[in-house]
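Colleague: Please find the sequence and the predicted model below.
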Amino acid sequence: MVKRICVVVVLLTVVGHFGTLPAQDSFVDPEAKFEQVFSGGFWLESPAVAPDGSVYFSDIPHTSMSGMQAGRIWRFDPRTGVTTIFRSPSGMANGIVFDARGDMIVAEGADFGGRRITHTEMNTGQSDTVAGLYNGNRFNSPNDLTVDARGRIYFTDPRYTGHEPIDQPVMGVYRIDPDGRVHLLAANLWQPNGLAVAPDQKTLYVVEVGIYSINILEKPPVVGGPPSAVHAYDLLDDGSLRYRNMVVTFPTGTWGDGMTVDREGNIYVGIGGPPGSNGVHIYTPSGQPLAFLATEETAVNLDFGRGADANLLYVVCARLPSGSGPWTPPSSNGLYRIRVRMQ
């Protein structure tokens, strides 16, 4: 068990770029601290809190930099403070979410991964493929996912790394219905990533990774592409989407990854970029900045706890690999948690 304490600070240089923070104290106590409860992993993703309070999160060891390591899903037990491997290889699991039955839904990516959406019954461990093809072709690299109140799964399908051919002509946002039918909902974003359904079930938010050059992308740098941003879609009763607007645009050199929402509908986004920009940025549903929780490394993805811990925010942090050869992740990679005022 590893624990590190990091004081949450508001960096004025960042506030100047992202806007003023009039409601900072209403979201977090000024003395609140991030606690690191797990240290390790290569590129961590998508903490998901199970019905029993344990936290599952992905570890994606890019094969070209990790000596061909396979992916992992970790399980952190808050009662014991112990983190163990739940599944490896994981199919290069990325996004994780639990459905209303308490079963695990996983987006498996590329780079020798499954490139599919799977369902695991937690009582038995039995897994099955929910969706692996669209129009007869494999997905590019399912990234993140969420489930609405009707049990419909929404997921993004960009491509950041991996030797496999790109089989889908778009980097899309998809929906899987409870009967297994798959629908392409949106194809207007450069690289769709994290996503979340608003509490009233009327909005789907999607993070777009824009022109920020991530050096694990095995393609030339983008010139003149869109900025990294959060986009809002009207979520209609039949599960289809209608584009609404760009809610938040991130400054050049920064990028958003995972996201979640609280009961009031406020948007929490994990941000990466230059020193001082890393952390959890909190916005109103209309995109007004409310608070900033700084982290040492990129705040990759996040999720709230359950029950008495519904105001406990879990965040996975990681540093982007550098160079083309073997790379050792820093000890500041890990799973963190912090008490906030919202649930």
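Modeller: Perfect, thanks for sending it. Residues are numbered from 1 along each chain as shown.

Colleague: what helix or strand is the nearest residue to residue 23 once chain neighbours are set aside on?
Modeller: In this structure, residue 23 finds its nearest non-sequential neighbour in residue 290, 4.5 Å apart by CB to CB, 6 or more residues apart in numbering. To be clear about C-beta, it is placed using only N, CA and C from the backbone, and glycine gets the same treatment. In this structure, residue 290 sits in strand 289-294 according to DSSP states H and E.

Colleague: now for that strand, which elements pack on it?
Modeller: helix 12-18, helix 24-27, strand 279-283 (3 or more CB pairs under 8 Å, 6 or more residues apart in numbering; DSSP states H and E).

Colleague: Pairing partners for that strand, with directions?
Modeller: Paired strands of strand 289-294, with direction, are strand 279-283 (antiparallel) (DSSP bridges).

Colleague: Hmm, residue 176 is touching residue 150, no?
Modeller: No - using CB atoms under 8 Å, residue 176 makes no contact with residue 150, being 11.7 Å away.

Colleague: Which one of the two is surrounded by more residues?
Modeller: Just comparing residue 176 and residue 150: by other CB atoms under 10 Å the higher neighbour count belongs to residue 176, 22 against 11.

Colleague: contacting residues for that one?
Modeller: When the contact criterion is CB atoms under 8 Å, 6 or more residues apart in numbering, the partners of residue 176 are 117, 130, 131, 152, 153, 154, 155, 182, 183.

Colleague: residues contacting the first one?
Modeller: So the one you mean is residue 117. Listed by CB under 8 Å, 6+ apart, the contact set of residue 117 reads 105-108, 129-132, 142, 145, 153, 155, 176.

Colleague: Which of the helices and strands packed on strand 289-294 has the lowest mean pLDDT?
Modeller: Among the helices and strands packed on strand 289-294, helix 12-18 carries the lowest mean pLDDT, at a mean of 37.

Colleague: which residue packs closest to residue 205, ignoring adjacent ones?
Modeller: That would be residue 196: by CB to CB, 6+ apart, it lies 5.1 Å from residue 205.

Colleague: In terms of helices and strands, where is that neighbour?
Modeller: Per DSSP H and E, residue 196 falls inside strand 192-197.

Colleague: what packs against that strand?
Modeller: Under the contact criterion of 3+ CB pairs under 8 Å, 6+ apart, strand 192-197 touches strand 145-147, strand 153-157, strand 172-176, strand 203-208, strand 255-261, strand 267-272.

Colleague: That's all I had, so thanks and see you.
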